[in-house]
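[1] sequence and predicted structure are below.
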Amino acid sequence: MITKHLKLLFVSATILALHPTLSHTLWAQTAVDLDSELGARLSLTLDKKLARGLHLAIEEEVRFDNNLAAFDRFHTTAALSYKANDYLKFGIGYALINPYSSAASAFKSCRHRLMLDVTGSLRFGQWRLSLKERLQATYRSGEMNQYQNPRTALTLKSRLKLQYKGMRRLEPYAGIELRHALNAPLVSAYYNGSSYLTEDYHTEGEPGWFLESYSKKYINRVRGTLGAEFRMSKHSSIDVALLADYIMDYVVDANAEGTRLKTYTYETGLVGWLSVAYRYAF
């Protein structure tokens, strides 16, 4: 019990330190610990060299969640990358995401994602250290509740990766990544024990009364990765990795009309992934 209280205290203090201007909204939040879960990602990539330093990659990825018991989604990605020199690489890509609902036994409305990458690398003997920054915009098509999420979610991912290149075919690596939500819903209402109120004691009824803007910025995932890439031949390689995601999400649950704020929760939990990726470069 003491450990749980210390954890909640640490999380609250961290949020206040990172977002002091949002401290008045904390009264609306309920901390929720999610159950740990294991998933899998399997992907196939074709990498075509178009010119010196310029590559086109087509990737198909399938994901499973719920402790590998349920199919989650397809990712179809096309990306261009350009390596300007030994230290700098640029990329642009598009992904079509088809999520699947196990409860409804049907695919949900697809999502469209645009990605811009910048990667800087340094070599120290047999080690390579790289920092990758990715800005992505994910557009949700179809019907959705825009009082819970923006139509287009903006995210910045920052990944630091250390890779050992001293072996002939095997390259082990480790990395850490932070995912920043850039335009999450900013909720100004707070919970007084029976209902949600604004600072002027305005209760539910008017559409969108609790949604101040889509301007909330915070770190909503920390990912640790441990893996290895094995070069099977001149053209083929396979990458096997274990990923651990610590999720920290603010979740708004409201009716579709925006006249009622049901809950406003801060959800935390650990999700593990087994990733197996095959690449053919030519």
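    Arrived safely.
[2] is Lys161 in a bridge, and if so with what?
    On the basis of DSSP bridges, Lys161 is bridged to Ser130, Gly175.
[3] I'd like to know how far it sits from His75.
    Noted for Lys161: a distance of 20 Å to His75, by CB to CB, to the nearest Å. Glycine gets a C-beta too; all of them are placed from N, C-alpha and C.
[4] where exactly do the strands run in the stretch 51-200 of the chain?
    Ranges of strands within the stretch 51-200 of the chain are 54-65, 70-83, 88-101, 106-107, 111-124, 127-140, 152-164, 170-187, 190-191, 196-197, based on DSSP state E, counting those that start in this stretch.
[5] low-confidence ranges in the stretch 1-150 of the chain?
    By pLDDT under 70, the weakly predicted segments of the stretch 1-150 of the chain are 1-29.
[6] beta partners for Val181?
    One thing to correct before we go on: residue 181 is Ala, not Val. Beta-bridge pairing of Ala181 under DSSP bridges involves Thr155, Tyr218.
[7] what's Asn255 sitting at in phi/psi?
    Phi and psi for Asn255, reported as degrees, to the nearest 10, are phi -70, psi 160.
[8] how close does the closest residue to it other than its chain neighbours get to Tyr94?
    Spatial nearest neighbour of Asn255, chain neighbours left out: Lys262 (7.1 Å); criterion: CB to CB, 6 or more residues apart in numbering. Look at Lys262 and Tyr94: by CB to CB, they are 35 Å apart.
[9] same deal with Leu34?
    Counting by CB to CB, the gap from Leu34 to Tyr94 is 30 Å.
[10] and for Ile238?
    Distance check for Ile238 against Tyr94: by CB to CB, it reads 25 Å.
[11] what's the answer for Tyr214, then?
    23 Å.
[12] so which of those two has more stuff around it?
    Neighbours were counted for Tyr214 and for Tyr94 using other CB atoms under 10 Å; Tyr214 has more, 18 against 13.
[13] between the helix or strand that that one is a member of and strand 170-187, how many degrees?
    Tyr214 is located in strand 211-231, with elements delineated by DSSP states H and E. Orientation note: strand 211-231 sits at an angle of 170 degrees relative to strand 170-187 (axes from the mean of the first three to the mean of the last three CA atoms, to 10 degrees).
[14] which strands and helices sit next to strand 211-231?
    Where contact means 3 or more CB pairs under 8 Å, 6 or more residues apart in numbering; DSSP states H and E, strand 211-231 is packed against helix 2-18, strand 170-187, strand 236-254.
[15] buried residues in that strand, which are they?
    Residues of strand 211-231 classed as buried by neighbour count (16 or more other CB atoms under 10 Å): 211-212, 214, 216-221, 223, 225, 227-229, 231.
[16] kindly check the end-to-end length of stretch 220-239 for me.
    Length of stretch 220-239, first residue to last, CA to CA, to the nearest Å: 26 Å.
[17] going forward can the numbers begin at 33, since that is how I track them
    Fine by me, first position is 33 from now on; the one you just mentioned is stretch 252-271.
[18] and the contacts of that stretch?
    Stretch 252-271 has contacts (CB atoms under 8 Å, 6 or more residues apart in numbering) with 191, 193, 201-213, 216, 272-282, 307-314.
[19] ok, the closest residue to Ser227 other than its chain neighbours - contacts?
    Using CB to CB, 6+ apart and skipping residues adjacent in sequence, the residue nearest Ser227 is Thr235, 5.7 Å away. Thr235 makes contacts with 227-229, as judged by CB under 8 Å, 6+ apart.
[20] Thr235 belongs to a helix, doesn't it?
    No - counting by DSSP: H, G, I helix; E, B strand; the rest coil, Thr235 is not part of a helix but coil.
[21] gap between it and Glu289?
    Relative to Glu289, and taking CB to CB, Thr235 is found at 15 Å.
[22] that's all I had, so thanks and see you.
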